[in-house]
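**Student:** Structure for the following, please:
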Amino acid sequence: MLRAAAMGTGALLGLGVNGADRGVRALGVATVVLLLVDPGLASAFGFALSVLATAGILLLAPTWRDALAQWLPRPLAEAVAVPAAAQLACTPVVAAISGQVSLVAVVANLLAAPAVGPATVLGLLGGVVTLVIPPVGRVLGWGAGWCVAWIVEVATRGAALPTTAVSWGSGPLALAALTVMCLVAAAVAPHLLGRRSTGLGCCVLMVTAVLVRVPTPGWPPSGWLMVACDVGQGDGLALATGRPHTAVVIDAGPDPRLMKRCLDGLGVTRVPLAVLTHFHADHVDGLPGVLAGRRVGTIWVSRLRDPPDGVALVRGVADGAGVPVVEAPYAETLRVGDLTLEPVWPLPDSPTVGPGDGSTANNASVVLLARLDGVTFFLGGDIEPEGQATLAADLPSLHVDVLKVPHHGSRYQDLPFLESLRSRLAVISVGADNDYGHPAPETVSGLAATGEHVLRTDHDGSIAVVMRGDGRLAAVTSR
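**Tutor:** Below you'll find the model as predicted:
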């Protein structure tokens, strides 16, 4: 609260008459005092962002506002200049934290800003008045709730836009380049914003950037066979079928928005079969993104109906879309266009009800062998060492070309079995900075030691497996 008040006071001073000098002095004093009170703030990203946002408002916003005010009403010019200046100042630090540069932040802040003040004031008054006159306090709280609901709606809608952010490296060179770009933008912005033609062009560009997907050069590669979508901490795969705009989807990741974006980018409009290897959230919660705008034929699922929340989600989403859900068959070959699929796990006599622990559900994952254009894929869901050991005994001479490493590359692997597959390419679907320690260094190093090319979505983005013209298997990444 003290930090917010100090930064807010500095920003307000900066937007007043002769405010730049007073505001900068106030910001400097507030920063020093807060660091003396709590030295731990020196290493807190939140504090750095607060200081940078306030500095942007103090040093950039007045000039930008005055430039925009030459052709816009002054209140509107200020409403645009303040969030834009704050966002530009924070961009390098945000990129260092998230590895992304936001494209939607300015528009979202502009839309949400009118509700922030009323939400704060009504919420505070509601809390105080409730102690004396509860009915009146509840009315004030109801008003604060509506304001907060608007902010939440803006955030939700903004996150669903086609291009909310672009990936950016978080290494020293990438951040240095981004910082230089921000400094150049800060310098040239007043000249661009001061003229109606270029100012309108900048505004249109800003809005268009979040409404139209930014193309990634060379992505998707033509003739892709499999794509491991960058869906964060989870699995979401697409297998080509040889038919235009048609793919089989294996798992749906944890986020419908990310799964939809990946499939849209691949041009997939028809999914004859979707396979959900097991019911954990990081494999099924993105199912609405698979169904959105696509014709889906059938959904295969694991025999083990656990955990219940995942089962209920899949059933509800599938029923709502009229898509049948059936247990994946065992050791039966299905052909979809040029693609053949053979489920080799779980066994037909495996249980359908589990104790609710994560390992049991993981070991009940649907494991598939897929073959396309002479390339064999091993798709192991989250199967753990016990299941892998059984597969090793049942399929002693199995060799594949591409290995989707089970369970996001965790340390719970039967490495001798995975190594015995002799794959040329190992793909790990995993989220950046996840809390599970995935992928485990020993898993990555163990696979790499066999000569496999190991790729991971947290570093490489979406990963496409392709066959080169000379018959070589290769991978193309979106980053």
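
**Student:** A281 contacts G253, doesn't it?
**Tutor:** No - if you go by Cβ atoms under 8 Å, A281 and G253 don't touch, sitting 9.6 Å apart. (Each C-beta comes from the backbone N, C-alpha and C, glycine too.)

**Student:** which residues are common contacts for those two?
**Tutor:** Common contact partners of A281 and G253 (Cβ atoms under 8 Å, 6 or more residues apart in numbering): G234.

**Student:** which one of those two has more residues nearby?
**Tutor:** Using other Cβ atoms under 10 Å, the more surrounded residue of A281 and G253 is G253, with 30 against 15.

**Student:** Can you give me the pLDDT of the more buried one?
**Tutor:** Note on G253: pLDDT of 94.

**Student:** which one is it nearest to, not counting chain neighbours?
**Tutor:** Using Cβ to Cβ, 6 or more residues apart in numbering and skipping the chain neighbours, the partner closest in space to G253 is V231 (3.0 Å).

**Student:** so which strand or helix has A370?
**Tutor:** Taking DSSP states H and E as the definition, A370 sits inside strand 367-372.

**Student:** That strand - contacts with which helices or strands?
**Tutor:** In terms of contacts (3 or more Cβ pairs under 8 Å, 6 or more residues apart in numbering; DSSP states H and E), strand 367-372 is packed against strand 224-228, strand 237-240, strand 339-345, strand 375-379.

**Student:** let's see 6 Å
**Tutor:** strand 339-345 (3 or more Cβ pairs under 6 Å, 6 or more residues apart in numbering; DSSP states H and E).

**Student:** Tell me the strands beside the strand it packs on, with direction?
**Tutor:** strand 334-336 (antiparallel), strand 367-372 (antiparallel) (DSSP bridges).

**Student:** Return the distance of S365 relative to W224.
**Tutor:** Taking Cβ to Cβ, to the nearest Å as the criterion, S365 is separated from W224 by 24 Å.

**Student:** quick one, strands of the stretch 151-300 of the chain?
**Tutor:** Along the stretch 151-300 of the chain, counting by DSSP state E, counting those that start in this stretch, strands occupy 165-167, 224-228, 237-240, 247-250, 270-276, 295-301.

**Student:** gap between the one helix or strand V32 maps to and the chain center?
**Tutor:** Per DSSP H and E, V32 falls inside helix 19-37. Relative to its chain's centre, helix 19-37 lies at 36 Å (Cα atoms, centre = their mean, to the nearest Å).

**Student:** Ok, stretch 420-436 next?
**Tutor:** 18 Å.

**Student:** now swap in stretch 144-154 and tell me
**Tutor:** Centre-to-centre, stretch 144-154 and its host chain are 23 Å apart (Cα atoms, centre = their mean).

**Student:** mind listing what's buried in that stretch?
**Tutor:** Within stretch 144-154, the residues that count as buried by 16 or more other Cβ atoms under 10 Å are 144, 147-148, 150-151, 154.

**Student:** Tell me which of the strands paired with strand 339-345 approaches L122 most closely.
**Tutor:** Nearest to L122 among the strands paired with strand 339-345 is strand 367-372 (54.1 Å), distances taken as Cβ to Cβ.

**Student:** Contacts for that closest one next, please.
**Tutor:** By Cβ atoms under 6 Å, 6 or more residues apart in numbering, the list of residues contacting strand 367-372 from outside reads 225, 239, 338-345, 377, 379-381, 383.

**Student:** Report the contact partners of the closest residue to K404 other than its chain neighbours.
**Tutor:** Spatial nearest neighbour of K404, chain neighbours left out: L379 (4.8 Å); criterion: Cβ to Cβ, 6+ apart. Going by Cβ under 6 Å, 6+ apart, L379 touches 250, 368, 404.

**Student:** any idea how far V24 is from L379?
**Tutor:** Counting by Cβ to Cβ, the separation of L379 from V24 is 58 Å.

**Student:** List the buried residues in the helix or strand that contains A77.
**Tutor:** Assigned by DSSP H and E, A77 belongs to helix 74-98. Residues of helix 74-98 classed as buried: 77-96 (neighbour count, 16+ other Cβ under 10 Å).

**Student:** ok, residues contacting it?
**Tutor:** For helix 74-98, contacts defined as Cβ under 6 Å, 6+ apart pick out 45, 48-49, 52-53, 55-57, 60-61, 64-65, 68-69, 101, 105-106, 109-110, 168, 170, 175, 178-179, 182.

**Student:** if we can go back for a sec, who does the residue nearest to K404 bridge with?
**Tutor:** Under the criterion used (DSSP bridges), L379 bridges to L368, K404.

**Student:** Find me the pLDDT at it, would you?
**Tutor:** On the pLDDT scale, L379 gets 97.

**Student:** circling back: show the buried residues in the contacts of strand 367-372.
**Tutor:** Buried, going by 16+ other Cβ under 10 Å: 225, 239, 339, 341, 343-345, 377, 379-381, 383, out of the contacts of strand 367-372.

**Student:** can you put those residues in TSV and add distance to G471?
**Tutor:** Converted to TSV, the buried ones among the contacts of strand 367-372 look like this (distance: Cβ to Cβ, whole Å):
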residue	distance to G471
L225	13
L239	20
L339	19
L341	23
P343	29
V344	27
W345	30
F377	17
L379	23
G380	26
G381	30
I383	31
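
**Student:** and R303, what does it touch?
**Tutor:** Each residue near R303 by Cβ under 6 Å, 6+ apart is listed here: 327, 346, 350, 352.

**Student:** out of these, which are buried?
**Tutor:** The neighbour count (16+ other Cβ under 10 Å) marks 327, 346 as buried among those.

**Student:** Closest one of the contacts of R303 to R138?
**Tutor:** Nearest to R138 among those, with distances taken as Cβ to Cβ, is T352, at 47.8 Å.

**Student:** contacting residues for that closest one?
**Tutor:** By Cβ under 6 Å, 6+ apart, the residues touching T352 are 303, 305.

**Student:** Next, it: secondary structure please.
**Tutor:** Applying DSSP: H, G, I helix; E, B strand; the rest coil to T352 yields a three-state assignment of coil.

**Student:** can you list the weak-confidence ranges in the protein?
**Tutor:** Applying pLDDT under 70 to the chain flags the ranges 1-21, 23, 159-163, 167, 169-170, 213-217.

**Student:** Got the domain ranges for it?
**Tutor:** As given by automatic domain parsing, the domain ranges for the chain are 2-211, 224-477.

**Student:** How far off centre is the first one?
**Tutor:** Read it as domain 2-211. Chain-centre distance of domain 2-211: 22 Å, with Cα atoms, centre = their mean.

**Student:** same thing with the last one?
**Tutor:** Computed by Cα atoms, centre = their mean, the separation of domain 224-477 from the middle of its chain amounts to 18 Å.

**Student:** May I have the distance across that domain, first residue to last?
**Tutor:** Using Cα to Cα, to the nearest Å, one end of domain 224-477 lies 11 Å from the other.
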